[in-house]
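>>> pasting the structure only:
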Ligand SMILES: Nc1nc2c(ncn2[C@@H]2O[C@H](COP(=O)(O)OP(=O)(O)O)[C@@H](O)[C@H]2O)c(=O)[nH]1
Ligand SMILES: [Mg+2]
């Protein structure tokens, strides 16, 4: 590919509900710009962007893919993202690198949850948005209905660029509202032929043309005057206004077509090339400092200093680590050495390429704003900044959704442990929405993700890429035990065997303690137990507290007062007093009304108002205590339900909440304290603990 300048680069993320047609749209764009000589299809499993065996098997995208293409001298970097909720991290990464987003909407299904999520992702990232309504080869697709719904939901800045001309149930062409003519697209080539608008469609085209003109008029006083005086607005004026409108967010253009038939794609490519923002349209990038504060820095495309930001990492079993980056400042040249401002490593950009799906295209140079991939960096991760500058600048990181769906992970066969830990290390590098924890308390390895399908993919990756067969199971919970009553007990350890014996004797009261661990006191009178044995007594109790007397969980909030006992001049020693304390513990705790404690979390559920009743009812069934309802802090129309819920009831909450809210609900859940387990649930926990110990 010849040298591409910043002004000729467009980075566009395809976002939207799963199944809307993003991957098919990318496929069609590649085909029409002649980068492929065959139009692949998702159903045949031969598209450029869904190349992973797991994507082919499942028939939907699980990872983002890049698809650079050239259109009339403009380089368009398409970032195809998965629409499914479990892979939102992938979409967020692409939005971070993109300069605009096209939200793909199924013309039959209309606005779906994934559409709303896409809108929010692009809005939060502050990048211009456009819509592509797809599937107009299907007689059941409805343009006016879907367009109307989008405009109603997102406002009058949503305006049509192109509308389908529908005769009965059949689309016979697409009216271009800038030029006021009809394009008919050839399936095999995507080529169009132009004709005038048939008389019977004149009215509808005028109506939509007017919507476009109104939006265009908003972009400048001059055009507003022209619009009111009904003076003609030229094609050039309209295109310039659309360009400005898209950048400023005054115009959210709506396109339509049929990805699998190559319909409408040329118009879309034309508009991206002519009107979508250049990487420097935003003028500034965000930096983040050590305190997490954001600041602006001007993008200097001609700078002698080069900075790049890594927005995605792939652990390829053959190529090794691939770091996807955007050139944020200056120009990146092959063989440059940049310093990673997080790890301090000097990284050489030996092998730089673009990735079109899985195909590598080597490049020598990438201009400011362009997107590329570098292989085999040694100490660089997603979200890192690499630069030739002396200072430790860091570009604002991608923020990831928190993984709340947790399962215990274990090898199917013995001996796979190393493969699992190696594989997991690679997977963690490429997916920052996965968490992997070695829980010493439950003696389990756990893996957390955004949902069950997310973890399915982790399991598949471990198997296919790293040869590790694993099993997932419901994780154990870290219960605790404590006592509720004060008891007074005695423990005596006495042993006489041949020469020197062992002798320790203590009287202790055990009671509920204020501190989390052991509160140890003594009130021994007259040296009944010599001072030097106090630490042994305390240690004896501490050792015992590792295992509660009900189910063997650690004991917390225990107070012990050593108040009496006796000793033997020759036979007493530390061990004997430790053992005496242990005897007292084992004697005392069962009488002290021991109970099991379970972890409780603070839950914040964010949902549209109409789900509040259902969500609260469900929380009741989960033994949750609803603490209040508030409007969401971000000013959206969402409500926040605040509750305290036992962890034991939250394992499947991600999945259940999605099902109950069609995917609109989100939540945060964080540990706050331990609470007593209701009496009726205790036997089951004890039983499970016993089974585990056997
Ligand atoms: N009839 C019809 N089907 C389409 C069109 N675009 C995509 N599809 C089909 O819709 C399904 C989902 O498409 P895909 O591109 O994977 O959607 P994505 O999840 O948004 O990437 C696939 O079976 C496609 O073949 C279209 O324009 N017309
Ligand atoms: Mg896809």
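Now that the structure is in, tell me what you want to look at. Remember, predicted model here, so these are calculated numbers, not experimental data. Ligands and ions are numbered 1, 2, ... in the order given.

>>> Excluding covalently adjacent residues, which one is nearest to residue 364?
residue 334 (4.8 Å; CB to CB, 6 or more residues apart in numbering). Heads up, the C-betas are built off the backbone N, CA and C, glycines and all.

>>> what do you get for residue 590?
residue 549 (5.1 Å).

>>> Quick one: classify the one you found as helix, strand or coil.
Following DSSP: H, G, I helix; E, B strand; the rest coil, residue 549 is assigned to coil.

>>> going forward, begin numbering at 230 instead of 1
Okay, residue one is now 230; in that scheme the one you just asked about reads as residue 778.

>>> so it makes contact with residue 818?
Yes: using CB atoms under 8 Å, residue 778 is in contact with residue 818, at 4.5 Å.

>>> between those two, which one's more packed in?
Comparing residue 778 with residue 818 by other CB atoms under 10 Å, the one with more neighbours is residue 818, at 23 against 19.

>>> Quickly note the distance from the more buried one to residue 915.
14 Å (CB to CB, to the nearest Å).

>>> before we move on, back to that, what is the neighbour count of the residue nearest to residue 593?
Other residues near residue 563 come to 17 when the count uses other CB under 10 Å.

>>> Same check on residue 516?
Residues lying near residue 516 (other CB under 10 Å) number 18.

>>> Please report the distance of it from ligand 1.
Look at residue 516 and ligand 1: by CB to the nearest ligand atom, to the nearest Å, they are 33 Å apart.

>>> could you say which helix or strand contains that residue?
Using DSSP states H and E, residue 516 sits within strand 513-517.

>>> I'd like to know which elements that strand is packed against.
Applying 3 or more CB pairs under 8 Å, 6 or more residues apart in numbering; DSSP states H and E, we find strand 513-517 packed against strand 523-527.

>>> And the strand it packs on, what does it pack against?
Against strand 523-527 (3+ CB pairs under 8 Å, 6+ apart) you get strand 513-517.

>>> Could I get the buried residue list for the strand it packs on?
Neighbour counts over strand 513-517 (16 or more other CB atoms under 10 Å) mark 514, 516, 517 as buried.

>>> Check this structure for its longest strand and report it.
strand 823-837 (DSSP state E).

>>> returning to that earlier point: so what's the residue nearest to residue 819 scoring on pLDDT?
As predicted, residue 778 sits at a pLDDT of 94.

>>> Report the contact partners of it.
Contacts for residue 778 (CB atoms under 8 Å, 6 or more residues apart in numbering) come out as 710, 815, 818, 819, 823.

>>> ok, now how distant is it from residue 823?
To residue 823, residue 778 is 6 Å away according to CB to CB.

>>> Now do the shared contacts for those two.
Residues touching both residue 778 and residue 823 (CB under 8 Å, 6+ apart) are residue 710.

>>> quick one: the residue nearest to residue 593 and residue 578 touch, right?
Yes: contact criterion CB under 8 Å: residue 563 and residue 578 qualify, at 6.1 Å.

>>> which of the contacts of residue 778 count as buried?
710, 818, 823.

>>> Name the SS class of the second one, please.
Under three-state DSSP, residue 818 falls in the helix class.

>>> in the sheet, who's paired with residue 584?
Residue 584 has these beta-bridge partners by DSSP bridges: residue 589.

>>> Report how many residues lie close to it.
Neighbour count for residue 584, taken as other CB under 10 Å: 19.

>>> residues touching it, list them.
294, 295, 551, 553, 590, 602.

>>> Can I have the buried ones of those residues as a ChimeraX selection?
The buried subset of these, as determined by 16+ other CB under 10 Å, is captured in ChimeraX by this line:
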select :294,295,551,553,602
